[in-house]
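**Q** Would you be able to build a 3D model of this:
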Amino acid sequence: MPLPGLLRLVVCGLVADGVLALYHAEFLGTPGLALVALLGVAAWLFQARGPDALLNVPGARWIVPVAALASTADLLYLSASILDALARLLLFLVLYKLATLRTVPDTRSIAFLAFFMLVLASTSAFGVGFLFALVAFVLLASWVALVQHVLIDESGGAVTGDPIPPRALAGLAGTAAVAVVLIAGGLFFALPRVGIAALPLKARLGGMVTGFTDRVELGAFGSILTDSRVVMRVHLPDESSPERLPSIRWRGMALDNFDGRVWSVRHPRAIRLLRPSAGSFEVGLLQGSGRILRQEVFLEPIGSEAVFVAARPLRLSVAAPVVALDDMGAVTVALPGARLRYTVDSELEEPRGARLGRGHPAPPLAPDALERYLQLPPLAPEIPALARRVAGAGGDPARMAERLEQYLLREFRYTLDLEPGSPADPLEDFLFVRRAGHCEYFAAAMAVMLRTLGVPARVVNGFQRGEWNPYGEYFIVRYSDAHSWVEAYLPGAGWTTFDPTPRVAAAPRARASWLLYLDAFRLQWNRYVINWSLRDQIRAVQSAHQRLAGVRAWSATLDPETRARLGRSGAVAALAAVAAWTAWLGWRRRPGVPTGPVRGAPAFYARALRLLARRGLRPAAGETAREFSGRVAQLGPPVADAFGRLTHHYERVRFGGVEPGRAEEDDVSRCLAALRRARG
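**A** The predicted structure is shown next:
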């Protein structure tokens, strides 16, 4: 007998779920997804014509050998990685099995292949979409397992002819799926883990984000300033008001050398910090002039080793054995392909001028550092002349820096629409010809003009603060928030931030509420699923202990009479719940509920019992099918005759193991129709 349509449909849904999971994990592109969909439809059509329909096609016997050779060549020579080759092999196997599906046990093989597709997708799929694919797989797999159990008899392979009650099966499958999700979720949060689950086996990265290495060319930001993809999310546990942080930036790399076109780190002076026993890296010294801001950062893999933090970081906690810290305050982690979650404490920079006289005054720079931050390539004489004209020479460095900043903000224009071309001196072209450009042009111009005036300066690359999400109370930072600014060394104040780019005053983006809700859900997914670690488990247990201790402390403050009253109320509620559960079980087992012949009965007999139950007739406990048929005979010839024949078919199927033929099935249908008419 051919496989029932319900089982075929559910198995195809399971395969479709695995294919979509591979697509979500980027093992399949859009053209590949369309090709697999066409091949899946073809496999369905072949299977519908019979399990041997594909094998009867001329040359079909060579499909498996050719596929084996192609898979070997793909694995050894063609594929970019082993996982890509395994994905293509899995797709071939599942489509071939789908086209040649014969028996119910074959559907188990397809279910296992779909499961391996989901496992493969989990190596590089970290988005919320994978959660929906996983839940759908659990639900569909529960359906497949239940249908297989119903269809396979004790001999292990024959398909029975009993129709499957879809409503009861759907309820059972849904209950099983919920139970699996709850049990698996509990085990996920309870079992110990190593805490670096965010490092994928197959890192699928975009291009290296220009500007977050030790070298950047002027104009390089133009390719990412229109990209709206999220690069990181910054949660502030102790801050719920973004208005208090109007100009915060996420600092990445600082650059000290300029050759006229490219900013770079001329002499990297980084030290490597090993993880201490406490688990946090001390990356800065407290200066005592600003408030401390804690940031919990979820950084997407962008191909850069830079760790983005608010300026002047003090302490960094990240799942890495080693971090590197250079002498310009940049922190890097040698995990460019990982989804990093880290916590950092930063001492925020005070407003300009507010720090003088507070905290520890910054000492003058050493001669070699002064030479380093005043280095300049040969420049057009118009550039130093412009700097002297705008800022004045020999004045206060802070005042000169502010004048240059205001001049660039006021007289120049921010734009992404730069004309193609490669001028010999891009900085001169920006200052005297175009008078418009990206943020790195503004930062480079100000840093160079400060150096011509004898003020040490450097360019810093990172991100602007991003978009505030009120539903999760965090900043959404996108590639389009990439930014460059200037740090100048002022006497007594030390390194001070200046931002000469007009883009800072841009109006905030307005987005639909449901998009912010969705992004907040993504943050929770990253925090409590992707990055759930042993440390998080310990914190959860400690929090539970603290809450329990709080309840105990609260109960200790109550007088004895109140505690006794609460105890009695709790006992009464528990007894009421037990009584309700017992009453429900008693109702399920009452004499009127069909027992005996119903348990394990064919579907047609169960339907007949339901029709009779609506007339007030139900088999009693211990009553046989024939005894009940005798009682039904009292209703008269139409009902008695129809139910008598149904009882005969029931006994042949249930006790004789005789599968009903076409004539018996037609007679069963006529008897059920007679019972329905008699009920009406």
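**Q** Show me where the stretch 551-680 of the chain dips below the pLDDT cut-off.
**A** 584-601, 679-680 (pLDDT under 70).
**Q** and residue 54, how many neighbours?
**A** Residue 54 has 19 neighbouring residues, counting by other Cβ atoms under 10 Å. Yep, even glycine has a C-beta here, placed from its N, CA and C like the rest.
**Q** So it sits against residue 100, correct?
**A** Yes: with contact defined as Cβ atoms under 8 Å, residue 54 reaches residue 100; the gap is 5.8 Å.
**Q** For those two, list the residues in contact with both.
**A** Residues touching both residue 54 and residue 100 (Cβ atoms under 8 Å, 6 or more residues apart in numbering) are residue 46.
**Q** first to last residue in stretch 487-497, what's the distance?
**A** One end of stretch 487-497 sits 5 Å from the other (Cα to Cα, to the nearest Å).
**Q** List the buried residues in that stretch.
**A** Buried positions in stretch 487-497, judged by neighbour count with 16 or more other Cβ atoms under 10 Å: 487, 488, 489, 490, 493, 494, 495, 496.
**Q** Please apply the same query to stretch 341-348.
**A** For stretch 341-348, a neighbour-count test (16+ other Cβ under 10 Å) marks 341, 342, 344, 345, 346, 347, 348 as buried.
**Q** who's in contact with the residue nearest to the fifth one when sequence neighbours are not counted?
**A** For residue 346, the nearest residue in space outside its immediate sequence neighbours is residue 310; the separation is 3.9 Å by Cβ to Cβ, 6 or more residues apart in numbering. Contacts for residue 310 (Cβ under 8 Å, 6+ apart) come out as 248, 249, 250, 251, 293, 295, 344, 346, 348.
**Q** 7 Å - rerun?
**A** Residue 310 is in contact with 248, 250, 251, 293, 295, 346, 348, counting by Cβ atoms under 7 Å, 6 or more residues apart in numbering.
**Q** The last one contacts residue 287, correct?
**A** No: under the criterion of Cβ atoms under 7 Å, residue 348 lies out of contact with residue 287, with a separation of 10.6 Å.
**Q** Mind listing the shared neighbours of these two?
**A** By Cβ under 7 Å, 6+ apart, no residue touches both residue 348 and residue 287.
**Q** can you list the domains in the chain?
**A** With automatic domain parsing as the criterion, the domains of the chain are listed as 5-190, 215-529, 534-578, 596-679.
**Q** Distance across stretch 274-290, terminal residue to terminal residue?
**A** Note: stretch 274-290 ends 27 Å apart using Cα to Cα.
**Q** from the chain's centre, how far out does that stretch sit?
**A** Here stretch 274-290 is found 30 Å from its chain centre; the criterion is Cα atoms, centre = their mean, to the nearest Å.
**Q** do the same with stretch 101-119
**A** Offset of stretch 101-119 from its chain centre (Cα atoms, centre = their mean): 26 Å.
**Q** just for the stretch 301-450 of the chain, where's the confidence low?
**A** Ranges of the stretch 301-450 of the chain meeting pLDDT under 70: 336-338, 352-360, 393-394, 419-422.
**Q** one more time with 50
**A** The model of the stretch 301-450 of the chain has pLDDT under 50 over residues 356-357.
**Q** tell me the strands in it, going along the chain?
**A** Assigned by DSSP state E, counting those that start in this stretch, the strands in the stretch 301-450 of the chain fall at 306-307, 309-310, 313-318, 322-326, 331-332, 340-347, 413-414, 436-437.
**Q** and the longest one, which strands flank it?
**A** Translated: strand 340-347. Next to strand 340-347 in the sheet, as set by DSSP bridges, lie strand 292-299 (antiparallel), strand 313-318 (antiparallel).
**Q** Centre of the chain to that strand, how far?
**A** A distance of 21 Å separates the centroid of the chain from that of strand 340-347, by Cα atoms, centre = their mean.
**Q** Contacts for it, please.
**A** With Cβ under 7 Å, 6+ apart, strand 340-347 has contacts from 198, 286-287, 290, 292-299, 307, 309-318, 333, 531.
**Q** what packs against the helix or strand encompassing residue 250?
**A** Secondary structure from DSSP states H and E places residue 250 in strand 249-255. Secondary-structure packing of strand 249-255 (3 or more Cβ pairs under 7 Å, 6 or more residues apart in numbering; DSSP states H and E): strand 309-310, strand 457-464, strand 482-490.
**Q** Out of these, which gets nearest to residue 650?
**A** strand 457-464 (72.7 Å; Cβ to Cβ).
**Q** ok and that closest one relative to strand 482-490, angle-wise?
**A** Put simply, strand 457-464 runs at 140 degrees to strand 482-490, going by axes from the mean of the first three to the mean of the last three Cα atoms, to 10 degrees.
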